[in-house]
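Undergrad: with the sequence up front, the predicted model follows.
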Amino acid sequence: MSIQEQISLKPYNSFHCECIASHFAIITKAAELKEALDWCMLHKKPFIVMGGGSNMLFTQDIDALVLKMEVKGIQKTNETSSEVFLTVGAGENWHHFVSYCVQKGWGGIENLSLIPGTVGASPIQNIGAYGTEVQESIVSIEAFDTKKMQWVILNNNECAFGYRTSLFKLNPNRFIIGTVKFILNKQPILKTDYGAIREVLHDRNIKHPSLENVSNAIIQIRSQKLPDPKVLGNAGSFFKNPSIPAQQFENLKAQFPNLIAYPISDETYKVAAGWLIEACGWKGVRKGNVGCYEKQALVIVSYGIQSGKEVYDFSEEIIQSVNEKFGIQLEREVNII
């Protein structure tokens, strides 16, 4: 392992914002992680862990050791007549892993096709799309506990998964994910209830879809709906869908009949953040080098920003306007550094 100094993180984040890390190291195996953390303790230097950089916004230079996790490998560890168990390195590209499973006929994560990032980052955010969350396919996670300074195995229940959150997000830098163990199905039950998926399958005249059909449909939907971060800097959905009390929902629904929301319990509704943002007039708006994507209001895009602070300030304006109009406080899904 080599520790580099004064490294630009512009090539390593999907917003392509300039940020200089005082120290930087690429971790390709477990032993290197312990070595890097020992270096931090010796030099009294903090550390930051990153995967694909697709859910991070750097707003300033970083006086820390940035650890880029690139532990690779997909290993089948067990198999039954109906299920297969895979242990996957944190540095594997998420979409490549999904495609690998689809090609093998192993189901469970096909609805998460084309989500940017790495396998190791997927549990942190508990990524989800089209009726699926990654927690549904995770058996356990091997992570380095920086408090105990040893590797530990956390089962699914111990990971405290929730909507776009987990034990790892709630305790930043406590656990560094090395590998993720997945369980996938050989006879998968496909989730095609979402209207957009049904429409694509109907347009393609597919009446009995396969795993590959579903994955390709979602790739088409996401490609049409979301900008390619290689072309237009972004981090996907910038905000979470907020949850509000049922009474507040009823009051807002009376005032705004087109409000999009759905119940998650008798007392709580989840509101579509994209609808709130669009209703405040932000969709397609550009200010300087930052804008709200014209096809999806949840996505903030970069037109060549220098600092992530420009994106942060733009998102702050959106948060304030939604709060003023609807009395709802939006929460950023993207990690602000």
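TA: Ah, there it is.
Undergrad: point out where the protein drops to low pLDDT.
TA: For the chain, no stretch has pLDDT under 70.
Undergrad: now do the longest strand anywhere in it: which elements does it pack against?
TA: Longest strand of the chain, by residue count under DSSP state E: strand 175-185. For strand 175-185, the packing partners by 3 or more Cβ pairs under 8 Å, 6 or more residues apart in numbering; DSSP states H and E come out as helix 30-43, strand 62-69, strand 83-89, helix 122-125, strand 138-145, strand 150-155, helix 167-170. The way it works is simple: take the backbone N, C-alpha and C, and place the C-beta from them, glycine included.
Undergrad: rerun that using 7 Å as the cut-off
TA: strand 83-89, strand 138-145, helix 167-170 (3 or more Cβ pairs under 7 Å, 6 or more residues apart in numbering; DSSP states H and E).
Undergrad: now these in a markdown table, please, with extra columns for mean neighbour count and distance to Lys186.
TA: Shown next, in a markdown table, are these (neighbours: other Cβ atoms under 10 Å; distance: least, Cβ to Cβ, whole Å):
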| stretch | mean neighbour count | distance to Lys186 |
| --- | --- | --- |
| strand 83-89 | 20 | 6 |
| strand 138-145 | 20 | 16 |
| helix 167-170 | 18 | 29 |
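Undergrad: take those and lay them out in JSON lines including distance to Arg204.
TA: Output for those, formatted as JSON lines (distance: least, Cβ to Cβ, whole Å):
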{"stretch": "strand 83-89", "distance to Arg204": "28"}
{"stretch": "strand 138-145", "distance to Arg204": "31"}
{"stretch": "helix 167-170", "distance to Arg204": "37"}
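Undergrad: which one of the ones you listed lies nearest to Ile260?
TA: Ile260 sits nearest to helix 167-170 of all the helices and strands packed on strand 175-185, at 25.7 Å, using Cβ to Cβ.
Undergrad: looking at this protein, which residue lies furthest from center?
TA: In the chain, the residue that sits farthest from the middle, by Cα atoms, centre = their mean, is Ala254; the gap is 33.5 Å.
Undergrad: next one: the longest strand of the chain to chain centre, how far?
TA: 15 Å (Cα atoms, centre = their mean, to the nearest Å).
Undergrad: quick one on the thing from earlier: ok, which of the helices and strands packed on strand 175-185 comes nearest Ala31?
TA: Nearest to Ala31 among the helices and strands packed on strand 175-185 is strand 138-145 (10.9 Å), distances taken as Cβ to Cβ.
Undergrad: pairing partners for the closest one, with directions?
TA: Applying DSSP bridges, strand 138-145 is found paired with strand 150-155 (antiparallel), strand 175-185 (antiparallel).
Undergrad: quick revisit: is the residue farthest from the centre of the chain in a helix, a strand, or coil?
TA: helix (DSSP: H, G, I helix; E, B strand; the rest coil).
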